[in-house]
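**Student:** whatever this is, show me its structure:
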Amino acid sequence: MNDTTALIEKIHATPHKSVIAVAGAGSQALAWLLGVSGASNTLLETLVPYGRGSMIDFLGSEPEQYVSEETARDMARAAYRRAVALREDDSPAVGLACTATLVTNRPKRGDHRCFIAAWDQSQVWLSDLILEKGARDRPGEEDLCSRMVLNLLARASGMEDALPLELTARESPRYSAVPHPSPIAQLLAGGVSHVVVHPDGTMAPEEGFSGVLFPGSFQPLHRGHTELADTASRMTGQPVAYEISVFNVDKPPLAETEIMARLEQFRGAGTVVLTSQPTFHGKSRLFPGASFVIGWDTAVRIVHPRYYGGSEEAMLGALADMWSWGSRFLVAGRAQDGTFHGLGDVPIPAGFAPLFREIPESDFRVDISSTELRGQAGG
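**Tutor:** The predicted structure is shown next:
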């Protein structure tokens, strides 16, 4: 058994699930991984975004430089997001990427160089190397970069084993590991789209969620919220998670300390999904197929052109989008000025009634609000 096969067998024996994207070099590493029994234990997907359009589609935008540390990091992060979305259990997810420029059939003025990055929930590992020109042919440079890819995958899989690298005296690979900021800091900075916070307080950036979302500020969380969540769960037969957007259309972003204070209310009481989406259009796009628990007054705002720049066309377009994304709204009634209002008081545009489902008053009615509770506390 050669050293490459031995290392790959050890990688396949770990619980880590990976998506690997390579451009310019690293394809030999993919072949090696797939050629050893047990590849399905490690690989969720392999990608070769070689063309310009393919790379833009993979990253969501065009990189400033196609071969750079920043692009390798961005590729690894995109691969990590794919791994989180594709894994079928809670196995550790790894996104690994390589971008390189090697010897070709035409002269190159710049360095022959490869950048490799591996991204997991807590940190990013980085490795890069300037290859000595003329020291190897194309297969030799590919072999070296692919060995570096496997070594970084092994490190991200919790191993200390590594393949030997046959380097010249002028070659010196660089390695580093950079911890991620806190999940909330990543969310506030736009690095992740959402963070799932479990009842025990653990946070999982961009972890998949399937069920019903109950958006709100929850300032504070009260009996009406928890009873409504229980009612929605009974009606749908699905789990309900509370959703808090860290951004608000009319207010500054929540501070991390304020977010942590609100999350403390849910410890042991429920799952919270933190997002950066202040509108239901954005929430629906982020979580296609999700249902949302809302009050009748929120339903009124969802179908009012005023909240779409005064444009009825924009409002109808947003409703159509949310319908196409599989969103549905569970609407709870509430007393206001002595009168109980429900879904029947919402002026739903023609053709969009199936978007909304009423939570009967007989199933849920709690005449209490966070605003009233804050007023009482202030008094």
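
**Student:** how near is Met185 to Tyr80?
**Tutor:** Rather than Met, residue 185 is Ala. According to C-beta to C-beta, to the nearest Å, Ala185 stands 17 Å off from Tyr80. Every residue, glycine included, has its C-beta placed from N, CA and C.

**Student:** okay, how far is it across stretch 201-216, tip to tip?
**Tutor:** The separation between the terminal residues of stretch 201-216, taken as C-alpha to C-alpha, to the nearest Å, is 19 Å.

**Student:** correction: stretch 20-27
**Tutor:** In terms of C-alpha to C-alpha, the two terminal residues of stretch 20-27 are separated by 10 Å.

**Student:** comparing Ala185 and Tyr80, which residue is more hemmed in?
**Tutor:** Counted by other C-beta atoms under 10 Å, Ala185 and Tyr80 do not tie: Tyr80 has more neighbours, with 27 against 12.

**Student:** then the more buried one would be within a helix, right?
**Tutor:** Yes: using DSSP: H, G, I helix; E, B strand; the rest coil, the assignment for Tyr80 is a helix.

**Student:** so who does it touch?
**Tutor:** Neighbour list for Tyr80: Val19, Ala93, Val94, Gly95, Trp119, Asp120 [criterion: C-beta atoms under 8 Å, 6 or more residues apart in numbering].

**Student:** how's this structure carved up into domains?
**Tutor:** For the chain, automatic domain parsing gives the domain ranges 3-179, 183-378.

**Student:** in TSV, list those domains along with mean pLDDT.
**Tutor:** Below are the domains of the chain laid out as TSV (pLDDT from 0 to 100):
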stretch	mean pLDDT
domain 3-179	94
domain 183-378	92
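
**Student:** which residue is nearest the centroid of the protein?
**Tutor:** Centroid-nearest residue in the chain: Glu206, 2.9 Å away (criterion: C-alpha atoms, centre = their mean).

**Student:** do I have it right that that one meets Val84?
**Tutor:** Yes: applying C-beta atoms under 8 Å, one finds Glu206 in contact with Val84, separated by 5.4 Å.

**Student:** how about the helices in the stretch 201-350 of the chain?
**Tutor:** 223-236, 256-264, 280-286, 296-302, 312-324 (DSSP state H, counting those that start in this stretch).

**Student:** same check on the stretch 51-200 of the chain?
**Tutor:** Going by DSSP H, counting those that start in this stretch, the stretch 51-200 of the chain shows helices at 52-59, 69-86, 138-156, 183-189.

**Student:** next, count neighbours for Asp345.
**Tutor:** Neighbours of Asp345 under the rule other C-beta under 10 Å: 15.

**Student:** correction: the previous question concerned Val197.
**Tutor:** Counted with other C-beta under 10 Å, residues neighbouring Val197 total 25.

**Student:** residue contacts, it?
**Tutor:** Met203, Ala204, Leu263, Phe266, Thr271, Val272, Val273, Leu274.

**Student:** over to Gly158?
**Tutor:** Gly158 sits in contact with Thr14, His16, where contact means C-beta under 8 Å, 6+ apart.

**Student:** let's have the helices of the stretch 51-200 of the chain in a markdown table, adding distance to Ser210.
**Tutor:** Shown next, in a markdown table, are these (distance: least, C-beta to C-beta, whole Å):
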| stretch | distance to Ser210 |
| --- | --- |
| helix 52-59 | 25 |
| helix 69-86 | 12 |
| helix 138-156 | 27 |
| helix 183-189 | 20 |
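
**Student:** just so I know, which of those lies nearest Pro220?
**Tutor:** Among the helices of the stretch 51-200 of the chain, the nearest to Pro220 by C-beta to C-beta is helix 183-189 (19.1 Å).

**Student:** was I right to think Val272 contacts Tyr242?
**Tutor:** Yes: if you go by C-beta under 8 Å, Val272 and Tyr242 touch, sitting 4.8 Å apart.

**Student:** mutual contacts of these two, please.
**Tutor:** Taking C-beta under 8 Å, 6+ apart as the contact rule, Val272 and Tyr242 both touch Phe266.

**Student:** which other helices and strands contact the helix or strand that contains Glu358?
**Tutor:** Element membership for Glu358 (DSSP states H and E) is strand 356-359. Other helices and strands packing on strand 356-359, by 3 or more C-beta pairs under 8 Å, 6 or more residues apart in numbering; DSSP states H and E, are helix 223-236, strand 328-332.

**Student:** so which of those is the most surrounded?
**Tutor:** Sort these by mean neighbour count, taking mean count of other C-beta atoms under 10 Å, and strand 328-332 sits at the top with a mean of 23.
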